[in-house]
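1. One predicted model, sequence on top.
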Amino acid sequence: MNRRGFVRASCLAGAAGLAGMPAGAAADSFLRRTVAHPEDAELPPWPSRESVGAYRSPVGGASRLVVLHTNDTHSRLDPFPEDGGPFAGLGGAARRAELVGRIRAANEHVLLLDSGDIFQGTPYFNYFGGEPEFKAMSAMGYDAATLGNHDFDNGVDGLADMLPYADFDLVSANYDVAGSRLEGQVKPSVIRDLGAFKVGIFGLGIAFERLVLAKLHEGVTYRDPVEIARRTAADLRARGCTLIVCLSHLGYRYRDPSRPSDRTIAEAAPEIDLILGGHTHTFLDEPEAFLRGDGRTTLVNQVGWAGMRLGRIDIGFDESGNPSGWAAAGYDIDDHLD
Ligand SMILES: [Zn+2]
């Protein structure tokens, strides 16, 4: 893939209809994929150096949440070297921090999330075991992340040793950590009460089989994510969350439909509003929308790997704190951020 191949933003405005929308009118408008706020239907090419700080919501509504996300950053703290390779010059934690800072400065409610495989891929991990990765994410103000298979590459102890450097929540609902050093540190879910709306965030991890040696995940047990996703989402809803976000390291999709993936979770757990995926390193140009008959939708997104892209999904909320529309973009982390 050539470098310019990445430099395209996806930007779309969805009509009314994330979870919580009343059935009927909302369902109808969403299914027709009309745009809730037509004046915002034509957005400028995005992102550009100029538009990043000046971004205004196409979402409308009483209040707005900006969800920023990464996955499979794989210890890529520096941009890829300028060596003529396919990804030369792309990525870099400092540029990501700069971009996140600008978006935070322009928006009241921002969540920064990661879908796992933070570790492994550069000598930073081999030498320091994850400390600089976690410190960088903490400095950027990550709110929550889930665990990927590679986050166990130094074993449960290796991961537990790094937790003091992670100033953000680690969530996994289907890795049973009871009795391990991760107990109490890796939680099934967290809730962010942002006043006008309440966001529930939970994590799902991939099966260890063929990916993580038994001795490296000793004390941590994988459980079937499908039933747990359903249960956790229902529980978060019952606790008053009006937006439910799943950080998934299951992978976007597989030929074998019985293998859990972001798409099978979207089908099976309609209570979830956003599934931010990882593991398959999939560059989606825009979130995939699963439309529900009752007018709600679940969005599935994934932004490749190595921190080459930052995903952004804006959610508008109505006066009751229920989602009323969305828009999405992908920022390529490129030298325009230098
Ligand atoms: Zn993975």
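-> Nice, I can see it. Numbering: from 1, shown residues only.
2. what's the neighbour count on Ala166?
-> Neighbour count for Ala166, taken as other Cβ atoms under 10 Å: 20. (Glycine included, C-beta is placed from N, CA and C.)
3. Quick check: nearest residue in space to it, chain neighbours excluded?
-> Leaving aside its chain neighbours, Ala166 sits nearest to Phe134 (4.3 Å; criterion: Cβ to Cβ, 6 or more residues apart in numbering).
4. Next, count neighbours for Gly179.
-> Residues near Gly179, counting by other Cβ under 10 Å: 10.
5. separation between it and Ala214?
-> Distance, Gly179 to Ala214, by Cβ to Cβ, to the nearest Å: 16 Å.
6. Gly141 contacts Arg104, correct?
-> Yes: between Gly141 and Arg104 there is a contact under Cβ atoms under 8 Å: 7.3 Å.
7. What ranges in this structure fall below the confidence cut-off?
-> 1-61 (pLDDT under 70).
8. Show me what from it comes close to the ion.
-> Asp117, Gly148, Asn149, His279 (Cβ under 5 Å from the ion).
9. Output these as JSON lines; include the columns distance to Ile206, secondary structure and neighbour count.
-> Listed next are those as JSON lines, based on distance: Cβ to Cβ, whole Å; DSSP: H, G, I helix; E, B strand; the rest coil; neighbours: other Cβ atoms under 10 Å:
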{"residue": "Asp117", "distance to Ile206": "10", "secondary structure": "coil", "neighbour count": "27"}
{"residue": "Gly148", "distance to Ile206": "7", "secondary structure": "coil", "neighbour count": "30"}
{"residue": "Asn149", "distance to Ile206": "6", "secondary structure": "helix", "neighbour count": "22"}
{"residue": "His279", "distance to Ile206": "6", "secondary structure": "coil", "neighbour count": "25"}
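10. still on that earlier bit, now do the contacts for the residue nearest to Ala166.
-> If a contact means Cβ atoms under 8 Å, 6 or more residues apart in numbering, then Phe134 has Ile118, Met162, Leu163, Tyr165, Ala166 as its contacts.
11. Mind giving me the ChimeraX select for those, buried ones only?
-> Per 16 or more other Cβ atoms under 10 Å, the buried members of these correspond to this ChimeraX selection:
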select :118,162,165,166
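12. Can you pick out the most distant pair from the contacts of Phe134?
-> Ile118 and Leu163 (12.1 Å; Cβ to Cβ).
13. Let me see the ranges of the helices in the protein.
-> 3-6, 25-31, 49-54, 93-106, 123-128, 131-140, 155-162, 225-238, 262-268 (DSSP state H).
14. Report the closest residue of the stretch 151-300 of the chain relative to the ion.
-> His279 (3.8 Å; Cβ to the ion).
15. how near is the spatially closest residue to Pro79 that is not a sequence neighbour to the ion?
-> Leaving out its chain neighbours, the residue that sits closest to Pro79 by Cβ to Cβ, 6+ apart is Gly92, at 3.7 Å. Per Cβ to the ion, to the nearest Å, Gly92 is found 21 Å from the ion.
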